[in-house]
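Novice: here is my input, please return the structure:
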Amino acid sequence: MAVNLSIKAVPDALAQRLRERAERNHRSLQGELMALIERAAAEPQPEDAATPAQRATGLTGMRRGTKTIEQIAAEHRLLYPEPFKGGPLAVDIIRADRDSR
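Specialist: Numbering: from 1, shown residues only. As a prediction, this is how the structure comes out:
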């Protein structure tokens, strides 16, 4: 059984952009909205889109910007198991910057 959906108070500028998009795609506004909804509903769930590092650290299904520092560190250790070698030490960078003033 089909369901009718309604969006109220769509700003004029947004409605116009949707009409233009529908015209570019040779669709009616209704057809364009249906295509957008179908595409959004077909997107993989967060668990399906998880990278191997996310699965290994238990970060699947998390929204962007919600990692703890411990989770970020664990993910970094998986990506870069060996410490960087040959680069300058942070203390040397800070001293050089301070001494240049």
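
Novice: helix, strand, or coil at residue 78?
Specialist: helix (DSSP: H, G, I helix; E, B strand; the rest coil).

Novice: separation between it and residue 69?
Specialist: Noted for residue 78: a distance of 15 Å to residue 69, by C-beta to C-beta, to the nearest Å. All C-beta atoms are positioned from the backbone trio N, CA, C, and that covers glycine.

Novice: higher neighbour count, those two?
Specialist: Counted by other C-beta atoms under 10 Å, residue 78 and residue 69 do not tie: residue 78 has more neighbours, with 14 against 7.

Novice: and the more buried one, what pLDDT?
Specialist: Here the pLDDT value assigned to residue 78 is 87.

Novice: now name the helix or strand holding residue 32.
Specialist: helix 29-42 (DSSP states H and E).

Novice: and for residue 32, the neighbour number?
Specialist: 19.

Novice: thought it was touching residue 20?
Specialist: No. With contact defined as C-beta atoms under 8 Å, residue 32 does not count as touching residue 20 (9.7 Å).

Novice: and residue 13, what element?
Specialist: Counting by DSSP H and E, residue 13 is part of helix 12-24.

Novice: please apply the same query to residue 70.
Specialist: Residue 70 belongs to helix 69-79, assigned by DSSP H and E.

Novice: buried ones in that helix?
Specialist: Across helix 69-79, burial judged by 16 or more other C-beta atoms under 10 Å covers 74, 75.

Novice: CA atoms of it as PDB?
Specialist: Coordinates of the C-alpha atoms in helix 69-79 are reproduced here as PDB (Å, rounded to 0.1, in the frame of the first residue of the first chain):
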ATOM      1  CA  ILE A  69      40.400  10.300  22.100                       C
ATOM      2  CA  GLU A  70      41.000   6.600  23.000                       C
ATOM      3  CA  GLN A  71      39.100   5.500  19.900                       C
ATOM      4  CA  ILE A  72      41.100   7.900  17.700                       C
ATOM      5  CA  ALA A  73      44.400   6.700  19.200                       C
ATOM      6  CA  ALA A  74      43.400   3.000  18.600                       C
ATOM      7  CA  GLU A  75      42.400   3.700  15.000                       C
ATOM      8  CA  HIS A  76      45.700   5.600  14.500                       C
ATOM      9  CA  ARG A  77      47.700   2.700  15.900                       C
ATOM     10  CA  LEU A  78      46.000   0.300  13.500                       C
ATOM     11  CA  LEU A  79      46.800   2.600  10.500                       C
END
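
Novice: good, we can wrap up now.
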